[in-house]
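Student: I would like the atomic coordinates for the input below:
(chains A and B)
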Amino acid sequence: MTPATLAAEARKLRFRDPGKARDLTSRLESLCEEVGRERISVMHVCGSHEQSIAKYGLRTILPRRLDVIMGPGCPVCVTDMPEVDEAVLLALDGHLVATYGDMLKVPGTAMSLEEAQARGGAVEVVYSAAQAVELARREPREVVFFASGFETTAVATAAVALADPPANFSILSAHKYIPPVMEIVAEMPHTRVEGFLAAGHAATITGARLFERFVERHGIPVVVAGFEPLDVLAGLTRLVEIIRDGTPCVANMYPRCVTDEGNRNALDQLWRVFRTEGGQWRGIAHVPNGNLRLRDAFAHVDARRRFTIDLERFWQSSPPRLTQLCICGDIMAGLSAPTDCTLFGRECRPEAPVGACMVSSEGTCKIWHQYGGHPDL
Amino acid sequence: MSSVDVGDRAAAGTLGGEGRSPFRDAVVTLKHGAGGVAMRRLIETLFVPDMPDIGHHQIGLRQLDDGAALRVGCEWLVFTTDSHVVHPIFFPGGDIGRLAVTGTVNDLAVMGATVPLALALGVVVEEGFPMVDLARIQDSIRAACLESGAPVVTGDTKVMGRGEMDGIVLSTTGVALTRTVVTDAGLREGDRIVVSGTIGDHGIALMALRHGLDLGGGLRSDVAPINGLLHRALSVAPGAVHAMKDPTRGGLSGALHEMAAKSGVEILIDEPEVPVSEPVRSAAEILGLDPFHIANEGKVVIGVAADAVTEVLDALRGHPLGAAAAAIGICRSGTPGRVVLDTGLGRRLLPEIEGEPLPRIC
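Tutor: Next up is the predicted model:
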């Protein structure tokens, strides 16, 4: 089957059926009533979930008392400024930086990659790690793949690192690992989160069982959900059902893709290439084990070890003053909404972002700015 | 490197001290040419201010319409210009030559000037450009001129040194006379929004080609002169067509936003009614793009009085280029300038593109 017929088949399965959506929302409504509390707050940790919720306008049909918060689920948004600076410096030094489109506009200390490009730095947008390798095969220059994304995307990066890339190819890893940041959010003193919706694609790799220890430790249920609008609604329905029953557990509502064990082969590749390391997630906190960095055996493809990246060159620069007013961190922690930010829609807009959440198509602020976070439409 | 500002923040005047040029340190980026918010802001802050006044009751630069309309006796002279840089030069469904003629003819047509008088053609070409390609482009220019009834009557040729530009740039200017001008600012409360066919075909065909995405054919640019189609639509319901715009760069969404903002109405779009071909829908999903943001080169968005919508739709559907025409929305009071999308599941705002359409990453 061609991708076109596959996509047509998927549509026929009707994961976007308005009638079924109505059934699920009325079930969700009555479950929320049974819980009885004024507000029920749940968090998802995936930009694709927010995309689906926003793109199909689901917030206008969700029960008013159900608060679906987007957590730190956008890899671009949590890429820290010094990580962007590293890529900018490599581009300005004449290396070709290949990266995903969303990374171009993320503000660094002095400039974004897009601005580095306008000032003569070499930056190329790629759609996959494999495409970055192809680029290196054609290019005489050093090609640095500035790799962002969670464990799902990291597997693709691991695969190219294992497949003997050309000598002029290297990786600048900004990959992040989601499970540790869920711990951080669950431990936050003012957290309102009563349940997590986990990302179906990441769970395809890691398996649903990964979350069992989290549930035991924190007593907060986790439901693995897919990304079609009905997947999201079904996931939320199951999550509120578990909250009502008061027996926290892991539920897999995406069994057509996710198993308990995950993808052994992919996990094996991931952990052969990467190890976890503590690091700052932009606006959130220092997350122990939150960063994925290349292991010593892959030093030959590690841009941080192959090049001298002198971050001191930006010592004279400081981020724009407005950055200090940005509350992206609180938004990603579920403590505030974009509309609570004084910059939102004024100084901070998609074409002139202050915080990274306004940059990425998976960032909460960008999504709210584009699709409207309010239900009164 | 003591003062490095972001282009737009600097241009918006939120950074930088008193008395400094707002453009100091800023540079042009690709988003300034993408047909979205950034481009409009650039035009409004840099190109529009301080132009000599052309007086009231005429349409000039300040209106940012598809072209200008100047009074000449009891008629309007509609006047527009367009530069074309497309990569690749030849693509399924057309090439840069067809695009150059069509783009200008359509800009005239959506202002109500459906009988073009003449075109001027500027050709800037790089040293080393294959003569056979140039001849092929000229053939296609000629064919599009015949199809639209718009002859090229004057022109200019420049050759740049190798490496000083990328291939070829075509620039066309068109003039036409009309008794009635249709702007993009005339929508009224209660008007229906009609689109003349499937959206996204041109941009998706090009992007799929650039990214080597093979969906087993079916992706073709819609580039075509629509002056004949619009001539029909305008003649069946005189006065009932209140506004028109061709949804090129910025796509259907860009056109709707501009029309809503300039007309002071809110538009509600019924997404399931918006025609999108199956190959375009699939390719857009794979590339992470929204057909609403993708350029069209043979389509029009029409705002029409509710009681004339059937006649206009029938007229459009009776023409080969309007077979898939559909009524997709309605104008209401609401928040002026806002475009709301009913997805069939729920409602949300329809976003406007703010830069080059870049696919998502995960």
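Student: from here on, contacts and neighbour counts on C-alpha atoms
Tutor: OK.
Student: contacting residues around stretch B:159-168?
Tutor: Residues outside stretch B:159-168 that contact it (CA atoms under 8 Å, 6 or more residues apart in numbering or on different chains): B:85, B:123, B:124, B:125, B:126, B:127, B:128, B:129.
Student: now stretch B:70-82
Tutor: B:58-60, B:66-69, B:100, B:103-104, B:107-108, B:111, B:113, B:171-181.
Student: does the residue positioned nearest the centre of chain A sit in a helix, a strand or a coil?
Tutor: Centroid-nearest residue in chain A, with CA atoms, centre = their mean: residue A:74, separated by 2.7 Å. In three-state terms, and counting by DSSP: H, G, I helix; E, B strand; the rest coil, residue A:74 is coil.
Student: kindly report the same for the one 10 residues further on.
Tutor: Reduced to three states with three-state DSSP, the structure at residue A:84 is helix.
Student: wait, it sits on residue A:108?
Tutor: Yes. Applying CA atoms under 8 Å, one finds residue A:84 in contact with residue A:108, separated by 5.3 Å.
Student: what ranges do the strands span in chain A?
Tutor: With strands called from DSSP state E, chain A shows them at A:40-44, A:66-70, A:96-99, A:122-125, A:143-147, A:169-173, A:196-199, A:222-225, A:250-252, A:274-281, A:285-294.
Student: what does chain B give?
Tutor: Going by DSSP E, chain B shows strands at B:68-72, B:75-84, B:90-91, B:94-95, B:116-126, B:152-160, B:168-178, B:192-195, B:241-245, B:266-270, B:301-304, B:326-332, B:339-342, B:347-349.
Student: and the last one, which strands flank it?
Tutor: In the sheet, strand B:347-349 lines up against strand B:339-342 (antiparallel) (DSSP bridges).
Student: and the residue of the stretch 151-300 of chain B closest to chain A?
Tutor: residue B:282 (5.4 Å; CA to the nearest CA).
Student: pull up the distance across stretch A:63-72, start to finish.
Tutor: The first and final residues of stretch A:63-72 sit 23 Å from each other (CA to CA, to the nearest Å).
Student: now that stretch: buried residues?
Tutor: A:63, A:66, A:67, A:68, A:69, A:70, A:71, A:72 (16 or more other CA atoms under 10 Å in any protein chain shown).
Student: distance to residue A:257 and pLDDT added to those, as JSON lines?
Tutor: Below are the buried residues of stretch A:63-72 laid out as JSON lines (distance: CA to CA, whole Å; pLDDT from 0 to 100):
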{"residue": "A:63", "distance to residue A:257": "28", "pLDDT": "94"}
{"residue": "A:66", "distance to residue A:257": "27", "pLDDT": "94"}
{"residue": "A:67", "distance to residue A:257": "27", "pLDDT": "91"}
{"residue": "A:68", "distance to residue A:257": "23", "pLDDT": "92"}
{"residue": "A:69", "distance to residue A:257": "24", "pLDDT": "90"}
{"residue": "A:70", "distance to residue A:257": "23", "pLDDT": "87"}
{"residue": "A:71", "distance to residue A:257": "23", "pLDDT": "88"}
{"residue": "A:72", "distance to residue A:257": "23", "pLDDT": "88"}
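Student: what's the closest of the residues you listed to chain B?
Tutor: Nearest member of those to chain B, counting by CA to the nearest CA, is residue A:63, at 12.5 Å.
Student: about what we covered before: arrange the buried residues of stretch A:63-72 in TSV, one row each, with distance to residue B:40 as further columns.
Tutor: Listed next are those as TSV, based on distance: CA to CA, whole Å:
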residue	distance to residue B:40
A:63	39
A:66	39
A:67	36
A:68	35
A:69	33
A:70	32
A:71	33
A:72	33
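Student: separation between residue A:249 and residue B:42?
Tutor: For residue A:249 relative to residue B:42 (CA to CA), the value is 54 Å.
Student: kindly report the same for residue B:66.
Tutor: In this structure, residue B:66 and residue B:42 are 17 Å apart, going by CA to CA.
Student: neighbour count winner among those two?
Tutor: residue B:66 (26 against 17; other CA atoms under 10 Å in any protein chain shown).
Student: can you give me the distance of that one to chain A?
Tutor: Relative to chain A, residue B:66 is positioned 23 Å away (CA to the nearest CA, to the nearest Å).
Student: excluding covalently adjacent residues, which one is nearest to that residue?
Tutor: residue B:107 (5.4 Å; CA to CA, 6 or more residues apart in numbering or on different chains).
Student: ok, that neighbour touching residue B:246?
Tutor: Yes. The pair residue B:107 and residue B:246 qualifies as a contact (CA under 8 Å) at a distance of 7.0 Å.
Student: tell me the domain ranges of the chain?
Tutor: Since you didn't name a chain, this refers to chain A. Domains of chain A are assigned by automatic domain parsing as A:15-319, A:321-370.
Student: sorry, should have said chain B
Tutor: B:1-63, B:65-178, B:192-349.
Student: to residue A:268, which of those domains lies closest?
Tutor: With CA to CA as the criterion, residue A:268 lies closest to domain B:192-349 of the domains of chain B, at 27.4 Å.
Student: ends of the closest one, what's the gap?
Tutor: Taking CA to CA, domain B:192-349 runs 18 Å from one end to the other.
Student: so, low pLDDT: which residues of the stretch 251-362 of chain B?
Tutor: Low-confidence segments of the stretch 251-362 of chain B (pLDDT under 70): B:354-362.
Student: nice, that's everything, thank you.
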